[in-house]
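In: just to be clear, the model below is a prediction. Sequence and coordinates:
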Amino acid sequence: MSDTQTDLRRTALHALHLELGARMVPFAGYDMPVQYKLGVMGEHLHCRAKAGLFDVSHMGQVILRGPDAALALERLVPVALVELAPGRQRYAMFTNDAGGILDDLMVANRGDHLLAVVNAACKAADLAHMRENLPELEITEVTDRALLALQGPRAEAALAAIVPGVADMRFMDVADHDWNGVTLWVSRSGYTGEDGFEISLPEAQAERFARALLAHPDVAPIGLGARDSLRLEAGLCLYGHDIDTVTTPVVAGLSWAIQKARRAGGARAGGFPGAARILAELEQGPPACRVGLRPEGRAPMREGTVIWDAAEGGRNLGGITSGGYGPSVEAPVAMGYVPNFAAEPGTRLWGELRGKRLPVTVCELPFHPTNYKR
């Protein structure tokens with residue numbers, strides 16, 4: 001789909017975004033808010049201090065039904081889903097035959113079915129991938145429900161004010177809750193590093209629900225700009241930037257998401273695309289890895305910046321995949337890939353910025369502490 005104004009799809013909250021003064025931009029085929037009146041930095045800091053409301057209805061919501069749906073889906077992901085209890089969800093990734101990542105996603109066990117939430121730009125390909133490789137399952141894209149994210153230290157108080165039962169949920173729980181006769185599919189999760197929730201509900205009720213949340217004094221609307229800076233400070237990958245079809249989960253630092261059951265010697269070792277390479281990297285270590293990078297000075301180093309091992313001459317070690325200013329840490333932050341020998345925290349490297357090499361220091365992720373309710 002081309003991102004012309006006439007081709008762009010609109011979410012159920014489009015009119016509300018305009019009413020709230022949002023600046024709209026094309027994103028993954030949708031007309032989406034990049035920022036509101038607070039501005040990107042103001043929205044970022046508001047979410048860290050209070051609670052921010054995001055429209056993420058462009059994401060794909062997919063229901064998978066059938067006997068042994070979890071076991072079937074394990075054929076496409078290196079993640080253990082059979083052990084995933086009802087009412088819980090897990091981060092996963094589709095891999096290809098070379099071990100690269102086709103997309104990252106969330107998978108929830110909702111009792112009689114699985115619910116997968118996939119990235120907007122990948123959802124058509126993901127649906128085709130699942131339908132082709134899991135013919136025994138009934139796979140349905142949910143097209144009549146919006147998806148909102150409420151994130152920040154005051155998210156629980158704001159949501160519990162109108163949906164009291166959510167206060168009992170813990171990180172990665174999923175549950176149905178009622179709001180004025182509307183069934184909400186709620187997960188205690190998000191992509192900002194903060195405590196929070198993602199709420200799926202019928203599109204027809206989405207604006208009314210969003211207005212009810214925004215009526216809380218701690219809740220402000222947040223756009224894509226702050227969503228990106230928040231996830232970067234939290235050290236979270238953005239598909240198509242930090243992870244892609246040539247990056248394995250191990251190189252990307254996502255080994256924590258591959259449970260023992262799927263590793264060599266595990267109960268269901270391998271059996272997913274690219275298993276030979278991924279399992280070998282888990283056992284022997286990858287040739288490179290994703291690291292945090294702290295540029296010296298105030299100039300951000302953004303995606304595409306080349307990383308060198310010397311101020312002059314030297315070797316091209318890799319590059320930055322996400323970078324910008326971190327409002328919460330009050331300094332530039334970046335993530336990128338370097339060989340293992342250059343990945344030790346404290347290692348001094350150089351990023352080439354407008355023809356000049358400036359020092360950067362390798363650091364641990366995340367840049368800002370996470371605040372999940374466990």
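Out: Good, I have the coordinates.
In: dump the helix or strand harbouring residue 183 to PDB, keeping only the CA atoms.
Out: Assigned by DSSP states H and E, residue 183 belongs to strand 182-187. Extracted in PDB, the C-alpha atoms of strand 182-187 (Å, rounded to 0.1, in the frame of the first residue of the first chain):
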ATOM      1  CA  VAL A 182     -18.300  -4.100  26.800                       C
ATOM      2  CA  THR A 183     -15.900  -7.000  26.900                       C
ATOM      3  CA  LEU A 184     -12.300  -5.900  27.100                       C
ATOM      4  CA  TRP A 185      -9.400  -8.200  26.300                       C
ATOM      5  CA  VAL A 186      -6.700  -6.900  28.600                       C
ATOM      6  CA  SER A 187      -3.100  -7.800  28.900                       C
END
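In: and the gap between residue 288 and residue 310?
Out: 18 Å (CB to CB, to the nearest Å). C-beta coordinates here come from the backbone N, C-alpha and C atoms, glycine included.
In: kindly apply the preceding question to residue 238 instead.
Out: Distance, residue 238 to residue 310, using CB to CB: 29 Å.
In: that older thread, of residue 288 and residue 310, give the one with the bigger neighbour count.
Out: Between residue 288 and residue 310, residue 288 has the larger neighbour count (other CB atoms under 10 Å), namely 20 against 12.
In: and the more buried one, what are its bridge partners?
Out: According to DSSP bridges, the residues that bridge with residue 288 are residue 339.
In: show me the contacts for it.
Out: Residue 288 makes contact with 251, 318, 337-340, 343 under the criterion CB atoms under 8 Å, 6 or more residues apart in numbering.
In: mark which of the residues you listed are buried, thanks.
Out: 251, 318, 337-338, 343 (16 or more other CB atoms under 10 Å).
In: okay if I get those as CSV plus pLDDT and secondary structure?
Out: Output for the buried ones among the contacts of residue 288, formatted as CSV (pLDDT from 0 to 100; DSSP: H, G, I helix; E, B strand; the rest coil):
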residue, pLDDT, secondary structure
251, 98, coil
318, 96, strand
337, 98, strand
338, 98, strand
343, 97, coil
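In: TSV please, covering those and showing distance to residue 136.
Out: Below are those laid out as TSV (distance: CB to CB, whole Å):
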residue	distance to residue 136
251	32
318	41
337	38
338	43
343	42
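In: on that earlier part again, check which residues of the strand holding residue 183 are buried.
Out: Neighbour counts over strand 182-187 (16+ other CB under 10 Å) mark 184-187 as buried.
In: stretch 253-270 too?
Out: Within stretch 253-270, the residues that qualify as buried are 253-255, 257-259, 261-263, 268, counting by 16+ other CB under 10 Å.
In: could you look up the SS state of residue 21?
Out: Three-state call for residue 21 (DSSP: H, G, I helix; E, B strand; the rest coil): coil.
In: poorly predicted segments of this protein, please.
Out: Confidence mapping of the chain against pLDDT under 70 gives the ranges 1-6.
In: so where do the helices sit in it?
Out: Secondary structure of the chain, counting by DSSP state H: helices at 14-19, 39-49, 69-73, 123-133, 155-160, 203-214, 224-233, 275-284.
In: of these, flag the one that's most buried.
Out: Among the helices of the chain, ranked by average contacts under mean count of other CB atoms under 10 Å, first place goes to helix 224-233 (a mean of 24).
In: what's next to it, contact-wise?
Out: For helix 224-233, contacts defined as CB under 8 Å, 6+ apart pick out 25, 27, 32-35, 40-41, 43-44, 47-48, 52, 54, 151, 191-194, 238, 322-329, 333-335, 366-368.
In: hmm, 7 Å instead?
Out: Identification of contacts with helix 224-233 by CB atoms under 7 Å, 6 or more residues apart in numbering yields 27, 32-35, 40, 43-44, 47, 54, 191-193, 238, 322, 324, 326-329, 333, 335, 366-368.
In: name only those of those residues that count as buried.
Out: Buried members of these, counted by 16+ other CB under 10 Å: 27, 32-35, 40, 43-44, 47, 54, 191-193, 238, 322, 324, 326-328, 333, 335, 366-368.
In: restricted to strands, list those residues.
Out: Applying DSSP state E to those, the entries found in strands are 27, 32-35, 54, 322, 324, 326, 333, 335.
In: these: which two are farthest apart?
Out: Across these, no pair lies farther apart than 33 and 335, at 24.5 Å, counting by CB to CB.
In: return the residues in contact with the residue nearest to residue 233 when sequence neighbours are not counted.
Out: Nearest residue to residue 233, sequence neighbours excluded (CB to CB, 6 or more residues apart in numbering): residue 368, at 4.1 Å. Contacts for residue 368 (CB under 7 Å, 6+ apart) come out as 193, 233-234, 328-329.
In: circling back: can you tell which of the helices of the chain is closest to residue 140?
Out: helix 123-133 (9.3 Å).
In: CA atoms only for that closest one, dumped as CSV, please.
Out: The C-alpha trace of helix 123-133 is given here as CSV (Å, rounded to 0.1, in the frame of the first residue of the first chain):
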residue,chain,number,x,y,z
LYS,A,123,0.6,-8.5,9.5
ALA,A,124,-0.4,-9.5,5.9
ALA,A,125,2.8,-11.5,5.5
ASP,A,126,2.4,-13.0,9.0
LEU,A,127,-1.2,-14.1,8.3
ALA,A,128,-0.1,-15.8,5.0
HIS,A,129,2.8,-17.4,6.8
MET,A,130,0.6,-18.9,9.5
ARG,A,131,-2.1,-20.1,7.1
GLU,A,132,0.4,-21.7,4.7
ASN,A,133,2.3,-23.5,7.5
